[in-house]
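*Asks:* got a sequence here, can you model it:
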Amino acid sequence: MAQPWKSVDSILTDEGTLELRQRGERDFIITIGPQVLMNSLANRSEVVLGQLGCGYLKEIENPRVLVGGLGMGFTLKAVLDTLPITATVIVAELNPAVHEWCRGPLAVLTNNAVSDPRVTVEICDVANRIRQIAVNGGELRFDAIILDLYRGPHAKTHHSDDPLYGSRAIENMRAALKPCGAVAVWGENYDESFEKRLRNAGFTVTTDRPGRGGLRHAVFLAQLKQSKKTGKHAS
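*Replies:* Have a look, this model is predicted:
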């Protein structure tokens with residue numbers, strides 16, 4: 001017989017009550033209102049997201065990575081496991097309670113990834129953070145931007161004005177990247193229009209659907225195209 005869920009902590013947000021629940025040592029869910037946002041026993045796509053987004057950075061000296069959304073920390077853990085010890089990882093998380101959960105009851109799931117010395121957690125809107133770097137970046141630009149937000153791109157995403165997945169947001173991401181940079185994005189489902197917007201912005205795009213059978217989330221990997229004339233990456 002399954003154990004009942006117990007509430008560990010909750011906080012009121014503009015979208016409803018955000019709550020962390022637990023049953024057993026490693027079985028957690030995060031909900032907002034009646035909706036389950038994350039489940040600690042179903043994290044394959046988050047791990048693949050971190051691995052794919054940073055896979056090409058293993059041999060890069062001092063890579064800089066921006067992770068949008070902390071969640072339960074599985075994507076961050078995969079990012080850290082993939083990157084060299086010289087990396088810098090900025091995590092943009094809207095809600096300070098999520099940060100505290102990852103430092104507290106959820107730490108057992110990721111070997112306390114948020115406390116890794118390579119990591120800085122900023123309580124901020126990731127779209128605003130990307131926009132700031134796009135305008136003022138210089139040496140602060142990123143080798144990779146990884147978006148692991150509980151609402152990914154979908155058919156109703158506004159094609160130009162959506163602050164995260166619209167064409168203007170994609171242009172900001174491109175401007176916030178170094179010339180060889182990449183963007184990795186988690187989606188609940190595959191969205192053809194989002195992939196098209198990425199391609200139109202000059203990225204080459206591949207998608208992955210981790211797992212077998214049932215609901216399989218989508219992972220978009222977008223990398224800047226290589227110049228045919230010079231053999232160098234487009235900037």
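*Asks:* what packs against the longest strand anywhere in the chain?
*Replies:* The longest strand of the chain (DSSP state E) is strand 177-187. For strand 177-187, the contact count by 3 or more C-beta pairs under 8 Å, 6 or more residues apart in numbering; DSSP states H and E identifies helix 44-54, strand 142-147, helix 167-175, helix 192-200, strand 218-224 as packing neighbours. In this view, the C-beta of every residue, glycine as well, is placed from N, C-alpha and C.
*Asks:* now it and helix 192-200, what's the angle there?
*Replies:* 170 degrees (axes from the mean of the first three to the mean of the last three C-alpha atoms, to 10 degrees).
*Asks:* can you give the distance of strand 177-187 from its chain's centre?
*Replies:* 10 Å (C-alpha atoms, centre = their mean, to the nearest Å).
*Asks:* strand partners of that strand, parallel vs antiparallel please.
*Replies:* Here strand 177-187 is paired, per DSSP bridges, with strand 142-147 (parallel), strand 218-224 (antiparallel).
*Asks:* out of the helices and strands packed on strand 177-187, which is the most enclosed?
*Replies:* strand 142-147 (a mean of 28; mean count of other C-beta atoms under 10 Å).
*Asks:* so where do the helices sit in the chain?
*Replies:* 44-54, 74-82, 96-103, 107-110, 126-136, 167-175, 192-200 (DSSP state H).
*Asks:* how about those in JSON lines, adding mean pLDDT and distance to Thr88?
*Replies:* Below are the helices of the chain laid out as JSON lines (pLDDT from 0 to 100; distance: least, C-beta to C-beta, whole Å):
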{"stretch": "helix 44-54", "mean pLDDT": "95", "distance to Thr88": "12"}
{"stretch": "helix 74-82", "mean pLDDT": "98", "distance to Thr88": "11"}
{"stretch": "helix 96-103", "mean pLDDT": "98", "distance to Thr88": "18"}
{"stretch": "helix 107-110", "mean pLDDT": "97", "distance to Thr88": "18"}
{"stretch": "helix 126-136", "mean pLDDT": "96", "distance to Thr88": "13"}
{"stretch": "helix 167-175", "mean pLDDT": "96", "distance to Thr88": "18"}
{"stretch": "helix 192-200", "mean pLDDT": "95", "distance to Thr88": "25"}
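*Asks:* among those, which comes closest to Ile11?
*Replies:* helix 96-103 (4.6 Å; C-beta to C-beta).
*Asks:* give me the residues contacting that closest one.
*Replies:* 8-9, 11, 18, 20, 30, 70-73, 93, 110, 112-115, 121, 123 (C-beta atoms under 8 Å, 6 or more residues apart in numbering).
*Asks:* related to what we said a few turns ago, so for Ala218, which of the helices of the chain sits nearest?
*Replies:* Of the helices of the chain, nearest to Ala218 by C-beta to C-beta is helix 44-54, at 7.7 Å.
*Asks:* tell me which other helices or strands that closest one touches.
*Replies:* By 3+ C-beta pairs under 8 Å, 6+ apart, helix 44-54 packs against strand 64-68, helix 74-82, strand 142-147, strand 177-187, strand 218-224.
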